[in-house]
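K.L.:
need a structure here:
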Amino acid sequence: MSTGQTERPEQGDNDETATTTAVYVYGIVPSDVEPEDHAEGVGNPPAEVSVVRSGRVAALVSEIPTDRALGTPDDLEAHAELLDGTVTVAPVLPLRFGAVLTDRDAVAAELLEGNEDELASALDQLEGLAQYVVKGRYVEKTILQEILEENSEAAQLREQIRGQSEDATREARMALGEIINAAIEAKRNEDTRRTVEALSSLDPMVNERQPTHEQDAVHIAVLVELERQDELELENRQLRERLAALEARAEELEPEPAEIVDEENRD
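P.N.:
Have a look, this model is predicted:
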């Protein structure tokens, strides 16, 4: 992302794709932000990222086909990566994954124009804040063994499957997969709650992000005051110890320019 006021060409009313596309919205940024040429959005192939501007604010958007379902792991990762790249040069108010409007005019009229003052004020409030992303992933062998030890039904299904062909045990494999996925989701929710609780002394704003991998243990972004970074570093070390105790691999935590988080998720 970069800053500037270079407008991209607007689509004409006679564009024959208008009836088969919609506009995906990633987030809100100051009006002088301009996507880099290499910025990629959701979709396969990745959609081009552009901006819709209104006064002091703008929306980062892509056109997507209306007949394509969203929600693949690649889509989730593309959404997160675009926002992460944006906050290195400008504050951003991210929208939840899956925000789609009918066209660019709708983005301007329904999202930006009536909310310009509120959005601009929220962007201003990000000054003096730093963002850290806390992310850890379960070790596959360890978490699967833990689930089998805790869930007798899963253990029985595993024994039923052992040494048998896929065709002969198809239903049992599907049932075991559902149990494992549900168990990992429950563990992720609990480990995320505990991680957020451990950071509460810093009075952060917290954004619980969507997992980008089925074995993600924790994936949150926290906003803290720049002057409290030393305290956060201490909490960081303790969190890494905790993630290690959970048999989860923790990624390095690095400070980033701040993005906004939903007030409803603030602890």
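K.L.:
helices or strands up against the helix or strand containing Asn236?
P.N.:
Using DSSP states H and E, Asn236 falls within helix 229-245. Here helix 229-245 touches strand 129-138, helix 170-198, strand 216-225, strand 248-250, going by 3 or more C-beta pairs under 8 Å, 6 or more residues apart in numbering; DSSP states H and E. Heads up, the C-betas are built off the backbone N, CA and C, glycines and all.
K.L.:
which of these comes out lowest on mean pLDDT?
P.N.:
Lowest mean pLDDT of these: strand 248-250, a mean of 56.
K.L.:
what residue ranges in this protein score low on pLDDT?
P.N.:
Within the chain, the ranges that satisfy pLDDT under 70 run 1-19, 127-128, 130, 226, 242-267.
K.L.:
where do the helices sit along it?
P.N.:
Using DSSP state H, the helices found in the chain span residues 73-86, 104-106, 116-124, 140-150, 152-161, 170-198, 229-245.
K.L.:
can I get the last one as CSV, trimmed to CA atoms?
P.N.:
As requested, C-alpha coordinates have been extracted for helix 229-245 and formatted as CSV (Å, rounded to 0.1, in the frame of the first residue of the first chain):
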residue,chain,number,x,y,z
GLN,A,229,5.6,-2.1,24.7
ASP,A,230,8.1,-3.2,27.4
GLU,A,231,5.3,-4.6,29.4
LEU,A,232,4.0,-6.4,26.4
GLU,A,233,7.4,-7.9,25.7
LEU,A,234,7.3,-9.5,29.2
GLU,A,235,3.8,-10.8,28.5
ASN,A,236,5.1,-12.1,25.2
ARG,A,237,7.7,-14.2,26.8
GLN,A,238,5.1,-15.7,29.2
LEU,A,239,2.7,-16.3,26.3
ARG,A,240,5.4,-18.2,24.4
GLU,A,241,6.0,-20.4,27.4
ARG,A,242,2.3,-21.0,27.7
LEU,A,243,2.0,-22.0,24.0
ALA,A,244,4.9,-24.3,24.4
ALA,A,245,3.1,-25.9,27.4
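K.L.:
could I get the helices and strands packed on helix 229-245 as a markdown table with mean neighbour count?
P.N.:
Output for these, formatted as a markdown table (neighbours: other C-beta atoms under 10 Å):
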| stretch | mean neighbour count |
| --- | --- |
| strand 129-138 | 22 |
| helix 170-198 | 15 |
| strand 216-225 | 22 |
| strand 248-250 | 19 |
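K.L.:
tell me which of these lies nearest to Val89.
P.N.:
Shortest distance between Val89 and these, using C-beta to C-beta, is found for strand 129-138: 13.2 Å.
K.L.:
the inter-axis angle of the closest one versus strand 216-225?
P.N.:
170 degrees (axes from the mean of the first three to the mean of the last three C-alpha atoms, to 10 degrees).
K.L.:
what strands flank strand 129-138, and is each parallel or antiparallel?
P.N.:
Here strand 129-138 is paired, per DSSP bridges, with strand 216-225 (antiparallel), strand 248-250 (antiparallel), strand 255-257 (antiparallel).
K.L.:
that one to helix 170-198, inter-axis angle?
P.N.:
150 degrees.
K.L.:
quick one: the helices and strands packed on helix 229-245 as CSV, columns for distance to Ala58 too.
P.N.:
As requested, the helices and strands packed on helix 229-245 are arranged in CSV below (distance: least, C-beta to C-beta, whole Å):
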stretch, distance to Ala58
strand 129-138, 20
helix 170-198, 31
strand 216-225, 21
strand 248-250, 35
